[in-house]
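>>> Can you look at this prediction? I've put the sequence above it.
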Amino acid sequence: MTSKTEIHPAIAGALAKRGYETLTPVQEAMLASDVRDADLLVSAQTGSGKTVAFGISLAPTLMGDEATLPRADLPMALCIAPTRELALQVERELTWLYADAGARIATCVGGMNMTTERQTLKRGVHIVVGTPGRLRDHIDRGSLDLSAMRAVVLDEADEMLDLGFRDDLQFILDAAPDQRRTLMFSATVPTGIANLAKRYQTKAVRVTTAGDAKQHLDIEYRALTVAPNDRENAVINVLRYYDAKNAIVFCSTRATVNHLTARFSNRGFSVVALSGELSQNERTHALQALRDGRAKVCVATDVAARGLDLPDLELVIHADLPKNPEGLLHRSGRTGRAGRKGVSALIVPYSARRRTERLLSDARITAAWARPPSADEILARDDERLMGDASFEADVAEDEATMVAALLEKHGPEKVAAALMRLHRAGRSSPEELIDGGPVSAPGGTYPERAPRGEHVPITNAVWFSLSLGRKQSAEPRWILPMICRAGNITKTDIGSIKIHDLETHVEISGAAAAKFEAAVGPTRTLEKNVTITRMDGVPEASARPARPPRSKDDDFNRGPRSDYAPGEKAKPDYAKKRPFTGGKKRDDRPPRQDAYADKKPSSRVDVPSGAKAGAWPYDDVAPAPKPAADKPRAADAYQKPAPDYVKPAKPGKPAVRTDGDKPFAKDKKPKREKIGFKPDFKPDAKPAKPHRKGPGAPAEPASGGEKGLKRKPKS
């Protein structure tokens, strides 16, 4: 271990009590002289001991040369974490690390009683650990005073930015004093973290540990290919095969977490759930159950993918594949921490094989491709664990010798050993029978070459089944085949011919898989929704659908008899006949009609001449009336007003000019033309104006509803 003179005495004593013999690279980097009082931007892989690292770095800033911390009046340090679980974990780590320094530490996280947190802050604390949202609430309410703050630590800073806490972080950092240390710890340093460091840090020292180039050397990655409907069974077999002290199963949604938790509980696993829909007390109790050994399996969403440290976590299972390489690294980083070994198993459906290969390549991880453990492999592994149990190596105690002799004398060694084996297997869940998939790809993640497809080989001892849907229900083999495989837990290699008729479909299944198929379908005989299946006796008869008549080679367009065509002539439709070139003009091939108005609707005019047939047009029995003689066109100047006396005649190309001294007409203004039509010689009386006052002497208003101008007599 590093010399105690380089670490503050109070912190060195706590590390010695905890059993620390050597420090991790990131913890060693905190002891350098150039980072003692500087702002830090630290990037280190998950599980490298970052909490203890910034705890070591904060000790000189908070205590100086003193052995213990001064009286707790106002908080001296603030640690911000992205999730509640990580904040509570940081609080536990700092509690034992600063136990000899007499530190008082408080937590401010969402989901907890805010009144209790306010009272704790009021009594005085040295270090506050919390989540961004709850810390901002305390600052707004005045219960958290940052005026005496000496250092601020941002743990998993990149995750906080991804979760949308940028505004809260900026608010908290702006509320803290300018003369403070700012320490940012992050697994990666994206652009957002770099911009945040540039704004809130002064001459920050960049710390990158040498272990970053070798990601997760203590983790064994395995990619297990399964059928899409066998993913849950594969997870159960992986849990049974490794039999880890603690295991985490990651899912993508809360609904999947609830479903798997219920199924694992029914299968006898001691399981707890962890997702965002649970209260903080429920989430805390779930993690504590894992640490105490009361639970062995935790089914969680990505809320548990960051920062959680479970000492005995040996197995991580990705029931749903992560969305990006960062998610894969952080999920898998829950195991293989601080030098411990771990396994990360990815459950890969056949359809997601290529995507998983790209995911592993982007994360720079090499995984071993295989199938999930089978039932025989799991039972053999159970026997190996029984044979290697440490209890057989211990000597027989004095108080046990009498009972051992009695058991051997009464039952014999064989029966005692058989009873021991039964007891060992009794408390364990039975393994699942998985669908046998195709061959696993060669090392390197590439598919094997497919054999050329030959002729169809009939299935031996085939059994025929009838499905209650056919051609009229749009039945197609492309979705009937996957439906049968999912419902019956069989593969497409067990299925032969599929014959679709009008109202039913006949499916051929091999005799070896027929019994398994019937057992999986169950007594209801229902595949999906209203699709039922029935076993048939013998081979079904051929379809009664009539065969199509033979077609000749020349019969490309015409489906009827060819009596209208000469021998060897090829029939063509009307639209395929060649038409003469019209020079681009519109051409109408229809013959001219004898009567141009034959298809016109009957006229509704009322001025039909006498003698004409009703509804006929033109009037067949009445000679058309002669057109009136057209009036002679008027002169152009007849439509214009005569020029007034004060306007001079206009010269060609120039407008008319007034003679009364006014401005000449505008060039673009034309004189108005006189409207031809009826023009009344008088105007109706205008509506009388309303008087400005009312009284006995005021004129009477016109009567309502009468003619304009009529006046109503005043009331006497």
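Arrived safely, thanks for sending.

>>> what's the domain layout of the chain?
4-213, 219-384, 463-535 (automatic domain parsing).

>>> Quick one: mean pLDDT over the second one.
Predicted confidence along domain 219-384 averages 88 (mean pLDDT).

>>> got it, and stretch 528-547?
Taken as a whole, stretch 528-547 carries a mean pLDDT of 74.

>>> Stretch 105-125 too?
Here the average pLDDT along stretch 105-125 is 91.

>>> Now that stretch: buried residues?
Neighbour counts over stretch 105-125 (16 or more other CB atoms under 10 Å) mark I105, A106, T107, C108, V109, G110, M112, E117, T120, L121, V125 as buried. Every C-beta, even on glycine, is put in place using the N, C-alpha and C of the backbone.

>>> sorry, back to before: between the domains of the chain, which one is closest to G427.
Of all these, domain 219-384 sits nearest to G427, with 7.5 Å by CB to CB.

>>> how close does R141 sit to L135?
According to CB to CB, to the nearest Å, R141 and L135 sit 11 Å apart.

>>> So which of those two has more stuff around it?
When R141 and L135 are compared for neighbours, L135 comes out ahead with 26 against 10, by other CB atoms under 10 Å.

>>> Make JSON lines from the domains of the chain and add distance to S391 to it.
JSON lines is the format used below for these (distance: least, CB to CB, whole Å):
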{"stretch": "domain 4-213", "distance to S391": "27"}
{"stretch": "domain 219-384", "distance to S391": "15"}
{"stretch": "domain 463-535", "distance to S391": "39"}
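
>>> quick one: low-confidence ranges for the stretch 451-600 of the chain?
Within the stretch 451-600 of the chain, the segments meeting pLDDT under 70 span 451-458, 541-600.

>>> quick one: the helices in it?
477-488, 511-521 (DSSP state H, counting those that start in this stretch).

>>> how about those, which one is nearest R18?
helix 477-488 (52.1 Å).

>>> what angle separates the closest one from helix 511-521?
If you take axes from the mean of the first three to the mean of the last three CA atoms, to 10 degrees, helix 477-488 sits at 70 degrees to helix 511-521.

>>> Who are the packing partners of helix 477-488?
Packing partners of helix 477-488 (3 or more CB pairs under 8 Å, 6 or more residues apart in numbering; DSSP states H and E): strand 495-500, strand 505-509, helix 511-521, strand 526-528.

>>> Pick the most buried one from those.
Across these, the average number of neighbours (mean count of other CB atoms under 10 Å) peaks for strand 505-509, which reaches a mean of 22.

>>> Parallel or antiparallel, which strands does that one pair with?
Strand pairing for strand 505-509, using DSSP bridges, gives strand 463-467 (antiparallel), strand 495-500 (antiparallel).

>>> any chance of these in TSV, with distance to A300 too?
Output for the strands paired with strand 505-509, formatted as TSV (distance: least, CB to CB, whole Å):
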stretch	distance to A300
strand 463-467	40
strand 495-500	38
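
>>> Nearest to M160, out of the ones you listed?
Comparing the strands paired with strand 505-509 by CB to CB, strand 495-500 comes nearest, at 52.0 Å.

>>> Ramachandran coordinates for T208?
Geometry field for T208 lists phi and psi as phi -130, psi 120, criterion degrees, to the nearest 10.

>>> mind checking which of the strands paired with strand 505-509 is nearest A223?
Using CB to CB, the nearest of the strands paired with strand 505-509 to A223 is strand 495-500, at 27.4 Å.

>>> Contacts for that closest one next, please.
With contact meaning CB atoms under 8 Å, 6 or more residues apart in numbering, strand 495-500 is reached by 456, 458-459, 462, 470-471, 475-477, 480-481, 484-485, 505-510, 540, 543.

>>> can you tell which of the strands paired with strand 505-509 is closest to L15?
Closest approach to L15 among these (CB to CB): strand 495-500, 64.1 Å.

>>> residues in contact with stretch 481-489?
Residues from elsewhere that reach stretch 481-489 (CB under 8 Å, 6+ apart): 227-230, 435, 490-492, 495, 498, 507, 509, 513, 516-518, 520-521, 527-528, 531.

>>> For that stretch, list every residue counted as buried.
Within stretch 481-489, the residues scored as buried using 16+ other CB under 10 Å are I484, C485, R486, A487, G488, N489.

>>> same question, stretch 322-338
Buried residues in stretch 322-338 (16+ other CB under 10 Å): 322, 325-337.

>>> And those residues, which is closest to E314?
T335 (6.1 Å).

>>> and the lengthiest helix in the chain, what does it pack onto?
In the chain, with assignment by DSSP state H, the single longest helix is helix 398-426. Counting contacts by 3+ CB pairs under 8 Å, 6+ apart, helix 398-426 packs against helix 375-387.

>>> quick one, the helix it packs on and helix 398-426 angle?
Per the same axes, to 10 degrees, the angle that helix 375-387 makes with helix 398-426 is 170 degrees.

>>> how about helix 375-387 as PDB, C-alpha atoms only?
Extracted in PDB, the C-alpha atoms of helix 375-387 (Å, rounded to 0.1, in the frame of the first residue of the first chain):
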ATOM      1  CA  ALA A 375     -30.600 -29.400 -19.100                       C
ATOM      2  CA  ASP A 376     -28.000 -32.200 -19.200                       C
ATOM      3  CA  GLU A 377     -25.100 -29.700 -18.800                       C
ATOM      4  CA  ILE A 378     -26.900 -28.000 -15.800                       C
ATOM      5  CA  LEU A 379     -27.400 -31.400 -14.000                       C
ATOM      6  CA  ALA A 380     -23.800 -32.300 -14.600                       C
ATOM      7  CA  ARG A 381     -22.700 -29.000 -13.200                       C
ATOM      8  CA  ASP A 382     -24.800 -29.600 -10.100                       C
ATOM      9  CA  ASP A 383     -23.100 -32.900  -9.600                       C
ATOM     10  CA  GLU A 384     -19.700 -31.200  -9.900                       C
ATOM     11  CA  ARG A 385     -20.600 -28.700  -7.200                       C
ATOM     12  CA  LEU A 386     -21.900 -31.400  -4.900                       C
ATOM     13  CA  MET A 387     -18.600 -33.400  -5.400                       C
END
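
>>> Enumerate residues external to it that contact any of its residues.
Identification of contacts with helix 375-387 by CB under 8 Å, 6+ apart yields 237, 240-241, 243, 373, 420-421, 424-425, 428, 430-434.

>>> Among the residues you listed, which ones are in helices?
Short answer: the contacts of helix 375-387 in helices (DSSP H) are N237, R240, Y241, L420, M421, H424, R425.

>>> What residues does the third one make contact with?
Okay, so that is Y241. By CB under 8 Å, 6+ apart, the contact list for Y241 reads P373, E377, I378, R381.

>>> how about TSV for these, with distance to R283 and neighbour count added?
Listed next are these as TSV, based on distance: CB to CB, whole Å; neighbours: other CB atoms under 10 Å:
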residue	distance to R283	neighbour count
P373	31	22
E377	35	15
I378	31	23
R381	33	16
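
>>> coming back round to it: may I ask which two of the ones in helices among the contacts of helix 375-387 are separated the most?
Greatest spatial distance among these (CB to CB): N237 and L420, at 24.4 Å.

>>> Between these two, point out the one with more neighbours.
With other CB under 10 Å as the criterion, N237 and L420 differ in neighbour count, and N237 comes out ahead with 25 against 13.

>>> quick one: the more buried one from R422, how far?
21 Å.

>>> and if you look at I219?
Distance of I219 to R422, computed by CB to CB: 36 Å.

>>> No further queries at this time; thank you.
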